[in-house]
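Chemist: Need a 3D model of the sequence below.
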Amino acid sequence: MAPSHPAWHPTRCCDGPGLTRELQYPVLAALAAHFPLPALRRLPFGSRVIRRLIALALLVCATWLSTGKFSIGSSSVPTGSSAAGVYTLAGRIVNVADGDTLTVLVGGKQERVRLASIDAPETSHGSQRPGQPYGQASRQALADLVAGRTLQLRCYEHDQYGRNICDVPLPDGQVANRVMVAGGMAWANEQGGGKYLRDPDLRRLEKQARQARLGLWQRPGAVAPWEWRWKCWKALETGHSTPIC
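Modeler: Numbers count the residues shown, from 1 in each chain. Next up is the predicted model:
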């Protein structure tokens, strides 16, 4: 006799907000490996096999709710994205180009790194790209922190120039990115309305450095590097005069 309630189907065991059909596939794969679906449809709902199958499906769903992932054999499907894209670069710092750019030697390969969340005064790149006040001082400050050291960098992505965007932890527990801003040797990167600012606490550190007149803040009228690149470099490259450089 047909069951009095709607026929059970494996995909219904975990239906609900937050569980997409893509995430149901691992469940179905595990069930189908032991119980071919055509055979299930021929079994009475009250059979011991069906009851065990329902228990297995519910167990898998409970595992997903408590751990955020399905596990089938040696593979898993992550559902969180908090650490998505984060990676490390471990190696020796072999060059410091300016106050926010360095090179790390990783397994015999040189990797260019742009420090995340900060922007340091520009150094000179020819007559049409003059450097800013404190550009060389900023480069030296970063070199004093990291040059020649073997460090493990926490990186997030690559920029349009192929550079790794990273935080640079130091052996004493500090982070070079923060040290540079706190010492008045770099800005919290507010370019584009702050879209490059991963560490919002840098705003507080910059404010403290301003108030204490540290580093570049000793000189009035400091121009942020993103404005310098546009108002100075771009003007000179296009043959226009500019009052800021």
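Chemist: Need the contact partners of stretch 129-144.
Modeler: 96-100, 102, 115, 120-125, 176, 180, 183, 185-186, 215-216, 219, 222-223, 225, 228, 232-233, 236-237, 245 (C-beta atoms under 8 Å, 6 or more residues apart in numbering). Quick note: C-beta positions are derived from backbone N, CA and C, even for glycine.
Chemist: Mind checking what helix or strand follows the least confident helix or strand in the chain by mean pLDDT in sequence?
Modeler: Ranked by mean pLDDT, DSSP states H and E, the helix or strand of the chain with the weakest confidence is strand 75-78, at a mean of 28. With elements assigned by DSSP states H and E, the helix or strand that comes after strand 75-78 is strand 87-98.
Chemist: tell me the angle the helix or strand following that next one makes with strand 87-98.
Modeler: Downstream of strand 87-98, the first helix or strand assigned by DSSP H and E is strand 101-106. Here strand 101-106 runs at an angle of 130 degrees relative to strand 87-98 (axes from the mean of the first three to the mean of the last three C-alpha atoms, to 10 degrees).
Chemist: Quick check: buried residues in strand 101-106?
Modeler: 101-104 (16 or more other C-beta atoms under 10 Å).
Chemist: Low-confidence regions, this structure specifically.
Modeler: Along the chain, the model assigns pLDDT under 70 to residues 1-84.
Chemist: list the buried ones in stretch 165-174?
Modeler: Within stretch 165-174, judged by 16+ other C-beta under 10 Å, the buried ones are 165-169.
Chemist: Also stretch 183-203?
Modeler: 183-191, 196-197, 199, 202.
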